[in-house]
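Asks: Predicted model and sequence follow; I will ask about them next.
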Amino acid sequence: MSSSRPPESDPLGPYRARLTGLAYRMLGSRSDADDVVQDAWLRFAAADDVHNPEAFLVTVVTRLCLDRLKSARAQREVYVGAWLPEPVFDESLSAEAATELADDLSFALMLALDALSPLERAAFLLHDVFDRPFAEVARALERSEVACRQLAARARRTVRDSRPAPAAPPEGHARLLTAFCQAAASGDVSALADLLREDAIAITDGGGRKLAALNPIKGAEKIVRFIIGIAGKNAGSEVRVEPMMVNGSAGALVLLDGEIDHTLSLAIDAATNRIAAIYVVRNPDKLRHAPRRN
């Protein structure tokens with residue numbers, strides 16, 4: 001057995017965050033990512049002659065994710081309403097690479113990845129986000145280097161076309177989030193409209209378990225009507241907004257009468273300084289890891 005194994009006290013040692021980040025970006029589920037990384041560790045522990053633990057683990061995680069995506073595709077076909085990834089809170093799942101997207105966990109990127117085929121997603125993530133050479137990508141995907149370059153190129157074009165806008169700096173993002181929450185709480189129609197880009201989109205995920213719009217809401221006017229309608233339904237309830245990092249950006253956890261109701265994330269168009277997209281996750285299955293603060 002190789003002597004290069006990580007210390008027994010932390011079996012995956014320095015690889016855990018990176019592997020979990022890869023699995024999360026592949027699957028869109030923090031819970032499933034943890035399961036995949038644990039399965040990868042079991043295979044690693046049972047393997048002999050592992051000379052490059054990181055390459056071995058990346059390959060195993062990638063293949064396990066591809067297997068899971070086959071069943072996930074069937075589950076997605078019966079998913080009720082719009083789908084959003086499971087939010088991650090106050091943690092770094094950085095790719096730890098010197099790439100443009102290494103630290104990007106935004107919902108915008110996650111939805112762009114979701115539009116790719118599993119092989120395109122894997123090739124793009126391994127090469128363009130995790131900075132792995134195409135020779136290693138080819139071994140992980142059991143495809144030729146030429147095929148992997150083509151997969152990554154197609155994925156790159158799709159990601160570039162799917163993302164709503166260049167991200168705003170953190171200060172501007174947090175400022176607009178605060179203004180949005182205040183306008184929504186006060187029911188200020190004019191203020192809400194001023195914050196939204198005219199072609200903004202709102203996606204709400206209730207998973208069939210909580211009330212949510214079944215389809216994305218497109219256009220500032222329709223979004224404002226939706227938000228005002230929700231505010232009216234919540235009248236009489238105690239609404240508490242807890243700012244926190246959601247998928248690497250300023251977001252919020254919203255509680256109704258002391259119970260977690262949803263997460264709120266925004267995509268900000270840096271060019272117009274307006275909100276390009278709103279992401280609301282209400283599906284309780286995706287909020288099990290949400291932190292509670294008293």
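Replies: It's in. Numbering: from 1, shown residues only.
Asks: how about stretch 193-207: buried residues?
Replies: By 16 or more other C-beta atoms under 10 Å, the buried positions in stretch 193-207 come out as 195-197, 200-207. In this view, the C-beta of every residue, glycine as well, is placed from N, C-alpha and C.
Asks: Tell me where the model's unsure across the stretch 51-200 of the chain.
Replies: 90, 163-166 (pLDDT under 70).
Asks: how about the helices in it?
Replies: Taking DSSP state H, counting those that start in this stretch as the test, the helices found in the stretch 51-200 of the chain are 53-77, 107-114, 118-124, 134-141, 145-162, 170-186, 189-195.
Asks: So which of the buried residues of stretch 193-207 belong to strands?
Replies: 196-197, 200-205 (DSSP state E).
Asks: Quick check: the two most widely separated of those residues?
Replies: The most widely separated members of these, counting by C-beta to C-beta, are Arg197 and Asp205 (21.1 Å).
Asks: and which of the ones in strands among the buried residues of stretch 193-207 is nearest to Ala270?
Replies: Closest to Ala270, out of all of those and judged by C-beta to C-beta, is Arg197, at 11.4 Å.
Asks: got a list of what that closest one touches?
Replies: 220, 269, 272, 274-276 (C-beta atoms under 8 Å, 6 or more residues apart in numbering).
Asks: so which of the residues you listed is the most crowded?
Replies: Ile275 (27 neighbours; other C-beta atoms under 10 Å).
Asks: Would you agree it is in contact with Ala200?
Replies: Yes. Applying C-beta atoms under 8 Å, one finds Ile275 in contact with Ala200, separated by 5.7 Å.
Asks: of all the helices of the stretch 51-200 of the chain, which lies closest to Val254?
Replies: Using C-beta to C-beta, the helices of the stretch 51-200 of the chain put helix 170-186 closest to Val254, at 8.4 Å.
Asks: And that closest one, what does it pack against?
Replies: helix 189-195, helix 220-233, strand 239-246, strand 249-256, strand 259-269, strand 274-281 (3 or more C-beta pairs under 8 Å, 6 or more residues apart in numbering; DSSP states H and E).
Asks: Relative to Asp205, how far out is Asn283?
Replies: In this view, Asn283 and Asp205 are 5 Å apart by C-beta to C-beta, to the nearest Å.
Asks: go on, Cys65?
Replies: From Cys65 to Asp205 the distance is 21 Å (C-beta to C-beta).
Asks: Save the helices and strands packed on helix 170-186 as TSV, and put in distance to Leu151 too.
Replies: Listed next are the helices and strands packed on helix 170-186 as TSV, based on distance: least, C-beta to C-beta, whole Å:
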stretch	distance to Leu151
helix 189-195	38
helix 220-233	35
strand 239-246	30
strand 249-256	28
strand 259-269	26
strand 274-281	26
